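Novice: Coordinates for the following, if possible.
(4 chains)
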Number of protein chains: 2
Amino acid sequence: MIHSVNRMPRKSPRNGASGKRESILRAATRVFARNGYFNSKVADIARAADVADGTVYLYFKSKEEILHSIFDQNMAEAIAAGRVLIEKLRDPSEKLRRIAMLHLERLGADRNLAIVFQVELRGSTKFMREFSAAGFAEYLGLLRKTFEEGQRSGVFRKDLSAKLVSKILFGALDEMATNWIISKRKYKLEPMAEVVMDVFLNGVSAS
Amino acid sequence: MIHSVNRMPRKSPRNGASGKRESILRAATRVFARNGYFNSKVADIARAADVADGTVYLYFKSKEEILHSIFDQNMAEAIAAGRVLIEKLRDPSEKLRRIAMLHLERLGADRNLAIVFQVELRGSTKFMREFSAAGFAEYLGLLRKTFEEGQRSGVFRKDLSAKLVSKILFGALDEMATNWIISKRKYKLEPMAEVVMDVFLNGVSAS
DNA sequence: CGTCACTGAGTGATGATTCATTCAGTTAAT
DNA sequence: ATTAACTGAATGAATCATCACTCAGTGACG
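Specialist: Okay, here's the model as predicted:
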């Protein structure tokens, strides 16, 4: 089967301000978070969004496309927000610090979305390769570029591979988020960014 | 024969040296790695293990239990190996370095197992909570204890939460593994441990 | 009336699990 | 040594519940 990934802009029912599409996405996020992607029935999503089963298919080609859309939309937003956030900053350390904070802030603000991002999206090599890959790669790229900037300006050690370093940072933040989800104890996710960046920057800064 | 009281842990088909159980586990690891847990049919596993569908159920209660067993068995082995590896070392930094190497070494040695660990096992909050949790927690605990040892002996900064720091280290290693799986380019995973530990130790060491 | 968003019962495919049956091997009595 | 009785591992076809997705129809609105 040759699937060409249809990257058409949104079409569907005369995208009226009905907001049904968004409503379905929000409902799906809730349902996926609660039951997991594979255990979620399209009927559950429809019920949660308060529409009929068939309506879901007026807005999305398949159950799979719903998951994609959740990812694509949020990832694009997050990266855009990150770019805006750092464009007026000079200090690369500060840029990375802000990105990290934004990262944990966004996930910490919506537990359901966090679960979908940290758990459901990882649960298949297919997703990892075909979709997530692109978005994650872009995010990692943002971290890398910022780090390289810092290497050029002399604030970061030049003996480190920027690519590898950006994975270390991402991995650390990612684990904070994943652990926050699993943990029963309630605590704020966002503040963890500070400690992560303390250790990280201390580790990569030029003497 | 007077002695020979069968003290073998495994139950199931009179654990003959048939090795069918192991054979099924290895086959399942291959199949899960290729198709993902939810897209893998029990029949696929049976075929790959060269046994009949029904035979699988003589050794495992359900498809789910197969996944558990893969995790439990390997995680227990890995932690035991880690404990042995560090018990004769003194320097906490060196201990952490060795654990990190073992971590990436083991995953790097078996791509299929790595995929199951990095991708398939994460794909459901249920797995994360009910099973994985215990094993992962034990591993994180090992890292934490070792770090605390280093704090007491003065080699590591005392102003850091050992729990949090162990998550940072784990996250960084975990991301190395995940990225290695997704990446098309072939490279060795194990050597990444060195760089991770360089940045990490540099970040957490007392001045 | 024509269009369009929406509905929800029905369909067909799928795949986990079961279980009646086979048969290789073991024991034991002659 | 031969046979009969027994064991339980292994088989795989059949079962049966589950859903993703379809489509014929409804009503609202201009």
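Novice: Just the terminal-to-terminal distance for stretch A:48-61.
Specialist: End-to-end distance for stretch A:48-61, by CA to CA, to the nearest Å: 18 Å.
Novice: Hmm, A:Thr178 is touching A:Gln118, no?
Specialist: Yes - A:Thr178 lies in contact with A:Gln118 (CB atoms under 8 Å); the separation is 4.7 Å. Any C-beta I mention is one placed from the backbone N, CA and C, and that applies to glycine too.
Novice: the more surrounded of these two?
Specialist: Set A:Thr178 next to A:Gln118 and count neighbours by other CB atoms under 10 Å in any protein chain shown: A:Thr178 wins out with 24 against 21.
Novice: Tell me how far the more buried one lies from B:Arg122.
Specialist: Distance, A:Thr178 to B:Arg122, using CB to CB, to the nearest Å: 8 Å.
Novice: pLDDT weak spots in chain A?
Specialist: Scanning chain A for pLDDT under 70 picks out A:1-12, A:14-18, A:124-126, A:128-132.
Novice: Determine the longest helix present in it.
Specialist: If each helix of chain A is counted by residues according to DSSP state H, the longest one is helix A:63-87.
Novice: Could you check it against chain B for contacts?
Specialist: No - figure legend: helix A:63-87 not in contact with chain B (CB under 8 Å from any CB of the partner chain); closest approach 11.7 Å.
Novice: Can you give the contact residues for the next helix-or-strand element following that helix?
Specialist: Using DSSP states H and E, the next helix or strand after helix A:63-87 towards the C-terminus is helix A:92-109. Applying CB atoms under 8 Å, 6 or more residues apart in numbering or on different chains, the contact partners of helix A:92-109 are A:74, A:78, A:81-82, A:85-86, A:89, A:113-114, A:117-118, A:142-143, A:146-147, A:149-150, A:153, A:155-156, A:169, A:173, A:176-177, A:180, A:188-190, A:192-194, A:196-197, A:200-201, A:205.
Novice: Next: stretch A:59-68.
Specialist: A:6, A:12-13, A:20-21, A:24-25, A:28, A:32, A:37, A:40, A:42, A:45, A:56, A:69, A:116, A:120-121, A:127, A:131.
Novice: Out of these, which are close to DNA strand C?
Specialist: A:Pro13, A:Lys20 (CB under 7 Å from any atom of the strand).
Novice: So how do I select the buried members of the contacts of stretch A:59-68 in PyMOL?
Specialist: Typed into PyMOL, the line below selects the buried ones among these, using 16 or more other CB atoms under 10 Å in any protein chain shown:
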select buried, chain A and resi 20+21+24+25+28+32+37+40+42+45+56+69+116+120+121+127+131
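Novice: Of the contacts of stretch A:59-68, which belong to helices?
Specialist: A:Lys20, A:Arg21, A:Ile24, A:Leu25, A:Ala28, A:Phe32, A:Val42, A:Ile45, A:Val56, A:Ser69, A:Val116, A:Phe127.
Novice: Quick one, which of the contacts of helix A:92-109 are buried?
Specialist: A:74, A:78, A:82, A:86, A:113-114, A:117-118, A:142-143, A:146-147, A:149-150, A:155-156, A:169, A:173, A:176-177, A:180, A:189-190, A:192-193, A:196-197, A:200-201.
Novice: And the helix or strand hosting A:Phe136, what does it pack against?
Specialist: Under the criterion of DSSP H and E, A:Phe136 resides in helix A:133-152. Here helix A:133-152 touches helix A:63-87, helix A:92-109, helix A:162-182, going by 3 or more CB pairs under 8 Å, 6 or more residues apart in numbering or on different chains; DSSP states H and E.
Novice: Now distance to B:Lys61 too, for these, in TSV please.
Specialist: Listed next are the helices and strands packed on helix A:133-152 as TSV, based on distance: least, CB to CB, whole Å:
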stretch	distance to B:Lys61
helix A:63-87	28
helix A:92-109	35
helix A:162-182	25
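Novice: Fine, thanks again, bye for now.
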